[in-house]
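1. what follows is a protein structure lacking sequence information:
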Ligand SMILES: Nc1ncnc2c1ncn2[C@@H]1O[C@H](COP(=O)(O)OP(=O)(O)O)[C@@H](O)[C@H]1O
Ligand SMILES: Cc1ncc(COP(=O)(O)O)c(C=O)c1O
Ligand SMILES: [Mg+2]
């Protein structure tokens, strides 16, 4: 009988296919785990201007999806992505309390690349209070880390370290801050903090605009690696290698947006 680790993503649908639940499922498939979903919202884009529109699911529908997977199937590893309302965040927190997971990766999505506004300030607070304390790993980008740590904009590695300490104090076991392309540094640097030590993960910084969904891909890869038995630091290092290759082979799908290529590690050896 085939045994394959089962993983759950609780996230929004990115109709354009590069981020959200689509990125998570593609990444799970590439990394040999069986992906399941609880959909929180659907994001559509205006064809002319590509502004985003978010339509949330009801909290009841989200709860039914979580019941299906958590109580009807069983899962040890899950991740969150875009969570569109406070009610949905409350429902996730409640269900996870009833059925504790071995690994819970919280990607605290507060903003979409190319959009300037925080999706919803109320949800940022709720993620901080209800989900971050339950996280095995929390994976903010620089903007999200400054929101969670309540600090000024993060520009340097020293700023990242200070924010990581504050986010760890919220209760997350491991904090991974993604420096990405926005840090004042020549490399793409991410920071892991486990409450004791800092580890910097450096990769080549790729000159590209095609990085839509990079954060979702990274957090999904961490979840898949944890489900397969890796420890947190190994999972994050493997995920960094996976997303770097996906970014290297990012491509435009129209004049507004270019996703990373989730299949890149399989299709190209570099
Ligand atoms: N230009 C780039 N070159 C190489 N790696 C990058 C680049 N931009 C982002 N990354 C990496 O992609 C991952 C996701 O980071 P980021 O794009 O900041 O997240 P988000 O999509 O949530 O904003 C991180 O590992 C980050 O270091
Ligand atoms: C449904 C959904 N989730 C998450 C994101 C965040 O994507 P990223 O991985 O680029 O941070 C987006 C961005 O468009 C989205 O549409
Ligand atoms: Mg993100």
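-> Sure, I can see it. All figures in this text were calculated on a predicted structure; none of them were measured in a lab. Ligands and ions are numbered 1, 2, ... in the order given.
2. outside of stretch 189-205 itself, list whatever touches it.
-> 157, 160-161, 164-165, 168, 173-181, 183, 185-188, 232-233, 236-237, 240-241, 244 (Cβ atoms under 8 Å, 6 or more residues apart in numbering). Placement of C-beta: from N, CA and C, glycine included.
3. of the residues you listed, which belong to helices?
-> Counting by DSSP state H, those place 157, 160-161, 164-165, 168, 232-233, 236-237, 240-241, 244 in helices.
4. quick one, phi psi at the closest residue to residue 266 other than its chain neighbours?
-> Closest residue to residue 266 apart from its sequence neighbours, by Cβ to Cβ, 6 or more residues apart in numbering: residue 30 at 6.1 Å. Torsion angles at residue 30 (phi, psi; degrees, to the nearest 10) stand at phi -60, psi -30.
5. so how far is residue 227 from residue 3?
-> 12 Å (Cβ to Cβ, to the nearest Å).
6. ok, of the contacts of stretch 189-205, which come out buried?
-> Buried by 16 or more other Cβ atoms under 10 Å: 157, 160-161, 164, 168, 173-181, 183, 185, 188, 232, 236-237, 240, 244, out of the contacts of stretch 189-205.
7. any chance you could map the helices in the stretch 1-150 of the chain?
-> 20-30, 59-66, 86-98, 121-126, 142-149 (DSSP state H, counting those that start in this stretch).
8. looking at the ones you listed, which is nearest to residue 217?
-> Closest approach to residue 217 among those is made by helix 20-30 (5.0 Å; Cβ to Cβ).
9. buried stuff in the closest one?
-> 20-28, 30.
10. of these, just say which sits nearest to residue 55.
-> residue 20 (12.8 Å).
11. leaving out chain neighbours, which residue sits closest to the closest one?
-> Residue 20's closest residue in space is residue 14 (Cβ to Cβ, 6+ apart), at 3.5 Å.
12. need the pLDDT of the residue of the chain found nearest ligand 1.
-> Relative to ligand 1, the nearest point of the chain is residue 215 (2.0 Å; Cβ to the nearest ligand atom). pLDDT for residue 215: 98.
13. which strands and helices sit next to the helix or strand hosting it?
-> Residue 215 is part of helix 214-227, with elements assigned from DSSP states H and E. For helix 214-227, the packing partners by 3 or more Cβ pairs under 8 Å, 6 or more residues apart in numbering; DSSP states H and E come out as strand 6-14, helix 20-30, strand 77-80, strand 103-106, strand 137-138, strand 174-178, helix 232-248.
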